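**Student:** Mind folding the following:
(one chain, ligands or ions: 1)
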Amino acid sequence: MTASMPKLTPPAEPAQLNLCLQWGAIPGGEINEKLDFLEANGFNAVEIPSGDWPIQNCDAMLKAMEARNLSIATACGPSDFSYAEPERREAEVQKHLPTIEALGALGSVGLVLCPARGKVPMGFKELREDFVTNTGKRLAEHAVKHGTSIVLEPLRRNETPFLRQVADGARIAADIGPGATVMGDFWHMGGEETSFMGAFICAGDLLSHVHVAGLKERIVPGVHPEADNYVDGFRGLKMIGYRGAISLEGGWPKDPDDPTKPISQDKKIRLMRNMVELLREQWAEA
Ligand code: MG
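**Tutor:** Numbering: from 1, shown residues only. From the prediction side, this is the model:
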């Protein structure tokens, strides 16, 4: 019955497609070369490494970003807050604090974090409580102070049984409060969600970042066009007025001309341009 259907409030500002690459995937050696490539090839955002990188490259990056039509999305790198020993969890918190400060100075969306990976030493209930009230909470508070956020990334169950769904990540972020957000990675979502659109709607305003890869193989989208359909997910992003980045996190296919050799840079660039075209078409269709 239509009368009992839930109503969605249309977003105040319409959604916007901001395609993005991770630092390591961008052709070019030094900072300006990479940023030039992004601007020349239809990308609007850049995803940087985490750890010491934002600290060491903060000034150079700020200078290189001047007068460009690019924004700094998230910083992505390893994290784990599920150690049985409290002092190891504390060391993990301390490790990320200066990175968060640099991300704030850079105007970055935030630091991607996975609360747990692999075999989880803590009990799930204990880990959730500790992350929401202690480790994750303190990092989120630090992020707010510096004008950025922490971004929880749900993974597939073989990578982490603890956080696998966008709705669960959004609930954890909401329980932490200001400074905590969630992201969706199409690759992980393909294995864990029943609906891309539903998952993004569940995240709503808390969604701050998106990763994209092929849905059949975790490589650049477009190599298996029959499988790489993001229209349903993009509809969800449009419904919530998503204006963050959609960033490629995936590898490369084998060189079709010689599968024994790594694929050439020229071919990678062609595949990236093909991806931009495919994602733009699907965004328009959504
Ligand atoms: Mg990811």
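**Student:** count of neighbours near the closest residue to residue 264 other than its chain neighbours?
**Tutor:** For residue 264, ignoring the flanking residues on the chain, the nearest one in space by CB to CB, 6 or more residues apart in numbering is residue 255 at 6.9 Å. Where you see a C-beta, it was placed from the backbone N, CA and C, and this is true even at glycine. Residues contacting residue 255 under the criterion other CB atoms under 10 Å number 13.
**Student:** any idea how far residue 255 is from the ion?
**Tutor:** In this structure, residue 255 and the ion are separated by 25 Å, where distance is defined by CB to the ion, to the nearest Å.
**Student:** Now for that residue: which residues touch it?
**Tutor:** 261-264, 267 (CB atoms under 8 Å, 6 or more residues apart in numbering).
**Student:** can you pick the most crowded of those?
**Tutor:** Using other CB under 10 Å as the neighbour definition, these reach their maximum at residue 263, which records 20 neighbours.
**Student:** mind listing the strands for this protein?
**Tutor:** Secondary structure of the chain (DSSP state E): strands at 18-22, 45-49, 71-76, 110-113, 150-152, 180-185, 207-212, 245-248.
**Student:** okay if I get those strands as a markdown table plus mean pLDDT and distance to residue 164?
**Tutor:** Below are the strands of the chain laid out as a markdown table (pLDDT from 0 to 100; distance: least, CB to CB, whole Å):
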| stretch | mean pLDDT | distance to residue 164 |
| --- | --- | --- |
| strand 18-22 | 98 | 22 |
| strand 45-49 | 98 | 22 |
| strand 71-76 | 96 | 18 |
| strand 110-113 | 98 | 15 |
| strand 150-152 | 98 | 12 |
| strand 180-185 | 98 | 11 |
| strand 207-212 | 98 | 15 |
| strand 245-248 | 98 | 20 |
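**Student:** Reformat those into JSON lines and put mean neighbour count next to each item.
**Tutor:** Putting these into JSON lines (neighbours: other CB atoms under 10 Å) gives the following:
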{"stretch": "strand 18-22", "mean neighbour count": "22"}
{"stretch": "strand 45-49", "mean neighbour count": "22"}
{"stretch": "strand 71-76", "mean neighbour count": "25"}
{"stretch": "strand 110-113", "mean neighbour count": "27"}
{"stretch": "strand 150-152", "mean neighbour count": "29"}
{"stretch": "strand 180-185", "mean neighbour count": "28"}
{"stretch": "strand 207-212", "mean neighbour count": "26"}
{"stretch": "strand 245-248", "mean neighbour count": "26"}
